[in-house]
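**Q** one predicted model, sequence on top.
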Amino acid sequence: MPREFELCPGRPIGGDQPCFIIAEIGQNHQGDLEIAKKMIRMAKECGADCAKFQKSELECRFNKGALSRPYNSQHAWKPTYGGHKLHLEFSHEQYKELQRFANEIGIFFTASGMDEMAVQFLHELNVPFLKIASADSNNFLYLETTAKKGHPMVISSGMQSIEIVRQIYKTVKGINPNFCILQCTSAYPLSPEDVNLRVITEYQKEFPDIPIGYSGHETGIAITIAAVAMGAKVVERHVTLDKTWKGNDHEASLEPNELTELVRSIRIVERAFGTSVKRLLPCEENCLSKLGKSVVAKVAIPAGTSLTLDMLTVKVAEPKGISPEEIFALVGKKVKTKIDADESITKELF
Ligand SMILES: CC(=O)N[C@H](C=O)[C@@H](O)[C@H](O)[C@H](O)COP(=O)(O)O
Ligand SMILES: C=C(OP(=O)(O)O)C(=O)O
């Protein structure tokens, strides 16, 4: 059983705790603070545990060449990648406002720190946990600095190999025990064939003492529900107010009705995990008494006969007789009284 730890105040994850559901607002707010607030409210109303953003300090995250490279995508807000990213970036003051807003409406608030300066800002903002985006999970310098901040960590593993993920585990484990690793494939939208849910099982085997989760970029909710059924303890999905909006992530995001349905389905699946003890349950008694089978005489059996298998069959019978699993134990037993063909074989006959 993976160890539990408190990801947010009063909200442990891992073990048998409910799956922690992150609504990744990311940059789907289009650079508009009012849309961002609407999305935080939406995440809360749909039942997500946390609203998450992406914080960058652009000069720390990108070099000059990357900032000035042309961005010709249909999703571009400005002609250069730097201009585009700047359009989607909220200031420190705006982050504080969003954090206050999330506090007011009662949903956990955090962000991925997309570079070391952003992590320092989020540390000062005192977010409950730090999300490490896939693109930083092999950035060991950053990982070490971030782990040392002491916040719980949720680390995504898109674009990485198992060797790198082992190194992530080892590095962070040595500094900060409170972290989990998410299976993730970094493509938008993600085809089911590239999801590789089996990696969740692999991570559970490789890292049995930490919670494992899933960060999905597919469309729809089925795959994320399956991830939870496989034991994901944290799930993250992009959310949007409108999938047709401009932006790289909207198509692979969930609209409010889908997020609501995802949360509802995850909570149902969790109720269904139940126990690993296999036994007849009280709720099965009705079915058993209506359709459960009994041993029945196949032929008329005279009193004093030693039973053989060819005298017996199994049917739904009234009254209830001996259970079918005991049929072989009846062979050789002598009946006290005569039994008619098709009569239930009951304990009283011996
Ligand atoms: C890998 C990574 O950081 N991925 C993020 C999280 O999933 C995404 O939200 C990107 O920020 C987004 O897809 C980038 O789009 P553009 O390049 O149009 O700003
Ligand atoms: C890119 C991010 O997440 P992931 O790698 O899980 O898609 C993020 O959190 O900003």
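**A** All right, it came through fine. Nothing here was measured: the structure is a model prediction, and the numbers come from that model. Numbering: from 1, shown residues only. Ligands and ions are numbered 1, 2, ... in the order given.

**Q** helices of the stretch 151-300 of the chain, residue ranges please.
**A** Assigned by DSSP state H, counting those that start in this stretch, the stretch 151-300 of the chain shows helices spanning 162-173, 198-206, 222-229, 256-273, 285-291.

**Q** near the residue in the chain positioned nearest to ligand 1, how many other residues are there?
**A** Ranked by C-beta to the nearest ligand atom, the top residue of the chain for proximity to ligand 1 is Asn248, at 3.4 Å. For glycine as for every other residue, the C-beta is placed from the backbone atoms N, C-alpha and C. Applying other C-beta atoms under 10 Å, we find 17 residues neighbouring Asn248.

**Q** still on that earlier bit, just name the most buried of the helices of the stretch 151-300 of the chain.
**A** Comparing the helices of the stretch 151-300 of the chain on average neighbours per residue, with mean count of other C-beta atoms under 10 Å, the densest one is helix 222-229 at a mean of 19.

**Q** that helix packs against which elements?
**A** Judged by 3 or more C-beta pairs under 8 Å, 6 or more residues apart in numbering; DSSP states H and E, helix 222-229 is in contact with strand 212-216, strand 234-238, helix 256-273.

**Q** tabulate the ones you listed (TSV), appending distance to ligand 2 and mean pLDDT.
**A** Output for the helices and strands packed on helix 222-229, formatted as TSV (distance: least, C-beta to the nearest ligand atom, whole Å; pLDDT from 0 to 100):
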stretch	distance to ligand 2	mean pLDDT
strand 212-216	3	98
strand 234-238	6	98
helix 256-273	16	98
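
**Q** make a markdown table out of the ones you listed and add distance to ligand 1.
**A** As requested, the helices and strands packed on helix 222-229 are arranged in a markdown table below (distance: least, C-beta to the nearest ligand atom, whole Å):
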| stretch | distance to ligand 1 |
| --- | --- |
| strand 212-216 | 7 |
| strand 234-238 | 6 |
| helix 256-273 | 16 |
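
**Q** just to revisit the earlier point, tabulate the helices of the stretch 151-300 of the chain (TSV), appending distance to Ala51.
**A** Output for the helices of the stretch 151-300 of the chain, formatted as TSV (distance: least, C-beta to C-beta, whole Å):
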stretch	distance to Ala51
helix 162-173	24
helix 198-206	24
helix 222-229	17
helix 256-273	11
helix 285-291	44
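
**Q** looking at those helices, which is closest to Ser191?
**A** helix 222-229 (10.4 Å; C-beta to C-beta).

**Q** dump stretch 305-321 to CSV, restricted to CA.
**A** The C-alpha coordinates for stretch 305-321 follow below in CSV (Å, rounded to 0.1, in the frame of the first residue of the first chain):
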residue,chain,number,x,y,z
THR,A,305,-29.5,-46.9,-1.6
SER,A,306,-25.9,-45.8,-1.5
LEU,A,307,-25.8,-42.8,-3.8
THR,A,308,-23.8,-42.7,-7.0
LEU,A,309,-23.2,-39.6,-9.2
ASP,A,310,-25.5,-40.8,-12.0
MET,A,311,-28.5,-40.7,-9.6
LEU,A,312,-27.9,-37.0,-9.0
THR,A,313,-28.3,-33.7,-10.9
VAL,A,314,-28.3,-30.0,-10.1
LYS,A,315,-31.3,-27.6,-10.5
VAL,A,316,-32.9,-24.6,-9.1
ALA,A,317,-35.1,-26.5,-6.6
GLU,A,318,-37.8,-26.0,-4.0
PRO,A,319,-37.3,-26.7,-1.2
LYS,A,320,-33.6,-25.7,-1.2
GLY,A,321,-31.4,-28.8,-1.1
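
**Q** and it, what's buried?
**A** Judged by neighbour count (16 or more other C-beta atoms under 10 Å), stretch 305-321 contains these buried residues: Leu307, Met311, Leu312, Thr313, Val314, Ala317, Gly321.

**Q** among the residues you listed, which pair sits farthest apart?
**A** Leu307 and Ala317 (16.2 Å).

**Q** pLDDT below threshold where in this structure?
**A** 1-2 (pLDDT under 70).

**Q** residue numbers of the stretch 101-250 of the chain in contact with ligand 2?
**A** The interface of the stretch 101-250 of the chain toward ligand 2, taken as C-beta under 6 Å from any ligand atom, is made up of Ser112, Lys131, Ala133, Ser134, Ser156, Gly158, Leu182, Cys184, Ser186, Ser215, Glu236.

**Q** what's the local residue count around Met230?
**A** Neighbours of Met230 (other C-beta under 10 Å): 16.

**Q** excluding its backbone neighbours, what's nearest Ala36?
**A** Nearest residue to Ala36, sequence neighbours excluded (C-beta to C-beta, 6 or more residues apart in numbering): His29, at 3.8 Å.

**Q** quick one on the thing from earlier: got the contact list for the closest residue to the residue of the chain closest to ligand 1 other than its chain neighbours?
**A** Nearest non-adjacent residue to Asn248, counting by C-beta to C-beta, 6+ apart: His75, 4.7 Å away. By C-beta atoms under 8 Å, 6 or more residues apart in numbering, His75 lies in contact with Lys246, Gly247, Asn248.

**Q** fine, thanks again, bye for now.
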